[in-house]
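K.L.:
Next comes the sequence, and after it the predicted model I'd like to discuss.
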Amino acid sequence: MAGARHPVCVSGAALVQTERLQQTFAFSVCWSDDSDSFVRRSWEDFRRFHKTLKETFPVEAGLLRRSDRVLPKLPADAPWLVLRGRTGRGLARLQLLEAYLRALLVAGERVSRSPVLTGFFEPQSPDLEPMLPPGSLVILPNPQEPPPGPLGSPAIRTLEAQSLRCLQPFSTQDTRGQPFRAQAQEALDVLLRHPSGWWLVANEDQQTAWFPAPYLEEAAPHEGQDGGQPLGISGPQFCAVSAYESSRADELSVPAGARVHVLEASDRGWWLCRFRGCTGLLPAVTLQHDGLGTLLSRPWLHHGADGAEGGEGKAHGSPRSPQAVMLPPPVPARPPLSAIQSRCCTITRKALQQGAP
């Protein structure tokens with residue numbers, strides 16, 4: 001990890017709303033060292049950040065001469081946003097902030113690689129927490145929805161079901177209390193994502209059940225009908241809470257906030273992990289469950305982050321890896337039915353009255 005890294009791509013991932021109706025904006029950040037991370041920033045964070053940018057780069061901000069301006073303006077609430085509800089305004093802000101950040105990344109290397117911009121995207125303590133604040137609501141934008149504008153429809157369209165694969169066999173009950181069994185590599189359609197980590201899924205027999213999100217993985221986008229290994233995910237997803245620099249050939253180097261996949265866990269404290277297409281060992285004390293990353297993992301974020309071609313590297317022999325065992329995905333605590341129904345629309349609430357998660 002020699003040399004300073006800088007962000008190269010930013011995508012708006014979700015709107016996170018707490019019980020106190022405070023909103024933060026979750027962004028997916030790809031870095032120059034091929035790592036990726038999720039960060040959450042509030043509207044006030046962006047205002048302070050933009051003020052610091054103007055103070056640090058007065059020429060690029062056009063404070064001395066308007067013709068020299070290359071810094072984009074921080075988007076303000078347009079009058080047409082007043083017509084939307086709180087959630088609609090939040091999702092519209094997310095898209096406007098995404099466009100603002102992408103404009104910053106092409107404003108020249110003096111700005112895009114500056115410590116001010118890099119520091120804003122570096123994962124902070126709240127970004128590294130394994131769980132969101134209690135009662136948080138994660139609202140996913142529709143990737144096919146056009147950018148907001150005064151002529152656009154204020155309606156918020158629902159997301160289409162996404163098909164994921166089951167990591168390991170898992171048994172539970174469906175929404176009608178009947179047995180629901182999923183086999184390894186079985187395809188399941190995700191109908192609803194709850195921030196607790198239990199998602200509403202449907203199988204080929206049209207059974208619907210609440211299923212633990214860590215047991216689901218993305219399938220390769222070009223995978224054929226004859227099967228094949230999924231792209232990018234081959235174990236539970238974890239987050240590096242601190243940077244680690246490898247000291248041996250069989251170890252991995254990871255920056256703070258990087259997402260890795262644990263292939264094997266050892267009782268000696270060194271886990272076999274996959275990161276940026278390479279496989280190696282990492283100390284377990286630097287890893288924790290990636291709650292937000294697991295919830296927001298989607299095919300249109302971080303293309304090839306862990307799925308580089310030809311990246312099936314193998315770790316060299318090491319005395320720290322003999323007693324390694326497969327680490328089962330963690331199962332989050334089930335949320336009560338009332339907590340889910342309170343955040344559902346009327347139609348969904350009526351559909352769930354016959355079963356409990």
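P.N.:
That came through fine.
K.L.:
Show the contacting residues for the closest residue to residue 102 other than its chain neighbours.
P.N.:
Leaving aside its chain neighbours, residue 102 sits nearest to residue 10 (6.1 Å; criterion: C-beta to C-beta, 6 or more residues apart in numbering). In short, each C-beta sits where N, CA and C put it, glycine included. Shown in contact with residue 10 (C-beta atoms under 8 Å, 6 or more residues apart in numbering): 27-30, 98, 101-102, 105, 121.
K.L.:
redo that, cut-off 10 Å
P.N.:
Contact analysis of residue 10 by C-beta atoms under 10 Å, 6 or more residues apart in numbering lists 27-30, 39, 97-102, 104-105, 121.
K.L.:
For residue 250, state which of those is nearest.
P.N.:
residue 30 (26.4 Å; C-beta to C-beta).
K.L.:
Bridging across strands, which residues link to that closest one?
P.N.:
residue 9, residue 36 (DSSP bridges).
K.L.:
swap in residue 14?
P.N.:
Beta-bridge partners, per DSSP bridges, of residue 14: residue 26.
K.L.:
Could you measure from it over to residue 75?
P.N.:
Distance from residue 14 to residue 75, counting by C-beta to C-beta, to the nearest Å: 18 Å.
K.L.:
In helices, which of the contacts of residue 10 fall?
P.N.:
97-102, 104-105, 121 (DSSP state H).
K.L.:
Leaving out sequence neighbours, find the closest residue to residue 41.
P.N.:
For residue 41, ignoring the flanking residues on the chain, the nearest one in space by C-beta to C-beta, 6+ apart is residue 25 at 5.8 Å.
K.L.:
quick one, which of residue 14 and residue 75 is more surrounded?
P.N.:
In terms of neighbours (other C-beta atoms under 10 Å), residue 14 is the more surrounded of residue 14 and residue 75; the figures are 26 against 18.
K.L.:
Wait, that one touches residue 98, no?
P.N.:
No: applying C-beta atoms under 10 Å as the test, residue 14 and residue 98 come out as separate, 11.5 Å apart.
K.L.:
residues bridging contact with these two, i.e. touching both?
P.N.:
In contact with both residue 14 and residue 98: 25, 27-28, 141, using C-beta under 10 Å, 6+ apart.
K.L.:
ok, these vs residue 238, which is closest?
P.N.:
For these, the nearest to residue 238 is residue 28 (16.9 Å; C-beta to C-beta).
K.L.:
any idea how far the closest one lies from residue 115?
P.N.:
From residue 28 to residue 115 the distance is 22 Å (C-beta to C-beta).
K.L.:
which of these two has more neighbours?
P.N.:
residue 28 (23 against 11).
K.L.:
Next one: the more buried one from residue 37, what distance?
P.N.:
Taking C-beta to C-beta, one finds residue 28 at 8 Å from residue 37.
K.L.:
try residue 120
P.N.:
Here residue 120 is placed at a distance of 13 Å from residue 37 (C-beta to C-beta).
K.L.:
can you check residue 100 too?
P.N.:
For residue 100 relative to residue 37 (C-beta to C-beta), the value is 19 Å.
K.L.:
can you check residue 213 too?
P.N.:
Applying C-beta to C-beta to residue 213 and residue 37 gives a distance of 19 Å.
K.L.:
more crowded one of these two?
P.N.:
The neighbour comparison of residue 213 against residue 37 (other C-beta under 10 Å) goes to residue 37, with 27 against 24.
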